[in-house]
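Undergrad: What follows is a predicted structure for the sequence shown.
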Amino acid sequence: MSATHLKQLCEETYTKLKKVSMELERYLNQVTLSSLVSASGDPEEFETYYRAYLSDLRHLLVYCENAYDRLGVSLRRARFNEEFAEEVLYQVYHTCVNYFYYPKGEVYEEDGRYAYTGQDCIIFRKQVTPELQQLTLSLSRVFEQMRDELQYYENDYIAKKRLHKEQAQV
């Protein structure tokens with residue numbers, strides 16, 4: 001991958017992570033567990049579910065902010081360090097993107113069959129509030145773009161690391 005393409009990918013990912021972080025922070029600053037539970041009905045059924053959901057969103061926010069900060073460092077350096085940028089993009093794919101699609105609390109899952117039909121590919125385990133549904137589906141579109149862009153790169157990065165490792169052993 002050329003340095004120009006790599007830098008452009010870093011800039012695009014940086015912008016997307018900034019958007020995700022802002023949306024997550026805005027939502028988490030305005031919502032409470034009790035407001036979600038009261039909006040959904042049965043407290044016993046929804047409290048544990050929303051507790052796990054909010055925990056997953058907080059973790060995702062931290063991962064995205066850390067990646068956003070590291071990409072910012074990479075982009076602000078006087079001399080663009082390709083190796084550092086590659087490592088950061090690899091980490092974005094394995095922390096942010098994977099954590100979004102595989103949340104620890106398993107509050108939703110992705111059904112990839114819907115991606116080909118143009119429908120939303122996120123299937124919620126329980127009916128959620130409209131605001132939370134809108135946030136999650138909005139984030140899924142951003143993470144889908146990042147995954148598509150970084151998945152190809154991630155394979156290229158792993159192949160490159162293996163090649164360096166093999167050359168070092170010889």
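TA: That came through, no problem. Numbers count the residues shown, from 1 in each chain.
Undergrad: Surely S138 is in contact with E23?
TA: Yes - under the criterion of C-beta atoms under 8 Å, S138 makes contact with E23 at 6.7 Å. Backbone N, C-alpha and C define where each C-beta goes, glycine included.
Undergrad: Could you report the neighbour count for Y53?
TA: When neighbours are counted by other C-beta atoms under 10 Å, Y53 registers 24.
Undergrad: Next: Y152.
TA: By other C-beta under 10 Å, neighbour count at Y152 equals 12.
Undergrad: hang on, it in a helix?
TA: Yes - Y152: assigned to a helix according to DSSP: H, G, I helix; E, B strand; the rest coil.
Undergrad: how far away is it from Y101?
TA: Y152 is 17 Å from Y101, where distance means C-beta to C-beta, to the nearest Å.
Undergrad: got it, and E11?
TA: For E11, the distance to Y101 - C-beta to C-beta - is 23 Å.
Undergrad: Which one's more surrounded, the two?
TA: Y101 (17 against 13).
Undergrad: Setting the sequence-adjacent residues aside, check what's closest to that one.
TA: Leaving aside its sequence neighbours, Y101 sits nearest to E110 (C-beta to C-beta, 6 or more residues apart in numbering; 5.2 Å).
Undergrad: C64 touches L24, doesn't it?
TA: Yes - checked against C-beta under 8 Å, the pair C64 and L24 is within contact range at 7.0 Å.
Undergrad: Neighbour count: the two, which is higher?
TA: Neighbour count, other C-beta under 10 Å: between C64 and L24, C64 has more, with 28 against 19.
Undergrad: tell me the SS of that one?
TA: Per three-state DSSP, the secondary structure class of C64 is helix.
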